[in-house]
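Engineer: dropping the sequence and predicted coords here.
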Amino acid sequence: MNQTNKKSTALRKALLAMVALFFGALAHSPATAAVFEGQMVLTTEPARTFDEAVAKAVHEVKDGQPVYLHLRVPRPLSNYVYNWRDVHNSLQIEVGSEGNLREHYSGTPIELTDEEMKGSELHIPLAPAVPRGKSYQSVWTEVVGGGRPGTWHNEIRVLTYPDVNRLDVPFYLGVATLTADVGAGIDKYRSMQTAFLNQRVAGDPNTNQIPAKVGRADAGLAATIQKQAASALGAKLDAVYFTDDGWYDHKNAIGQVEYRRTFAAALYRQNDRCF
């Protein structure tokens, strides 16, 4: 087969895959919407293996209960990761409405470690979440802690983004339902979200002496940060560093953008101390 025919065959396969994904996403049942490569469960306590997690699986939590994600796939995770300009060796975690893949409340890329990519299981704390790189978001506490009290039937999904060179890789790797029974309030999840954001901005004091430089400059936004910081801290900032390359959109249940978010870090002196 010559190179032209090879490209045509690959293009046809890619188009068929895109059509399958489009019509799959229109379905209301996860089972009919996509072929799930792996298995996934959620727990309220850590588990070292997927089999251990299965025995502890839960489908409902109350405000402030821990949430852990456990995924098992048949191949090493290195077979599923995707790479974009600002994220590498990543999968995607998202929260949406139970049984409807079209409803996507929030999502985040999660960059895997070299050790994680060698294995076929992934164990991630979602609440309280632990910062993992500059793009990672705490999606569960963001959605529930940023919402309102009630009983919300959600599902958490892990997916990837296949390309023309990896048509054997499915879009969705796993899904698990999780109802948030938070009729009595969301204060604890909201506090978890605030703590995550503060920890993410602060970084690890042992290694994060100066924020990592990203390819972004926004003099207008930096000036706004300077002004707001001066009002809040009573001190002038010595430097502002953007730690994100772009904006992250938070959407509601019908896909409308409610607000946009980006991150920056600042350095300032106060009483002969650096912050």
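Structural biologist: Perfect, thanks for sending it.
Engineer: is there a neighbour count for residue 151? I'd like the number.
Structural biologist: 10 (other Cβ atoms under 10 Å). The C-beta positions use only the backbone N, C-alpha and C, and glycine is treated the same way.
Engineer: what do you get for residue 110?
Structural biologist: Quick note: residue 110 (other Cβ under 10 Å) scores 23 neighbours.
Engineer: pretty sure it sits in a helix.
Structural biologist: No - checked against DSSP: H, G, I helix; E, B strand; the rest coil, residue 110 lies outside a helix; its state is strand.
Engineer: return the distance of it relative to residue 235.
Structural biologist: Distance of residue 110 to residue 235, given as Cβ to Cβ, to the nearest Å: 35 Å.
Engineer: repeat that for residue 69.
Structural biologist: Distance from residue 69 to residue 235, counting by Cβ to Cβ: 40 Å.
Engineer: neighbour count winner among those two?
Structural biologist: residue 69 (23 against 14).
Engineer: just give the closest residue to the most centrally placed residue in the chain, not the sequence neighbours.
Structural biologist: Residue closest to the mean C-alpha point of the chain, counted by Cα atoms, centre = their mean, is residue 108 at 2.0 Å. Excluding its sequence neighbours, the residue lying closest to residue 108 (Cβ to Cβ, 6 or more residues apart in numbering) is residue 137, at 3.8 Å.
Engineer: report the buried residues of stretch 78-93.
Structural biologist: Within stretch 78-93, the residues scored as buried using 16 or more other Cβ atoms under 10 Å are 80-82, 86-87, 89-93.
Engineer: lowest-confidence one in these?
Structural biologist: Looking at the buried residues of stretch 78-93 by pLDDT, the weakest one is residue 86, with 68.
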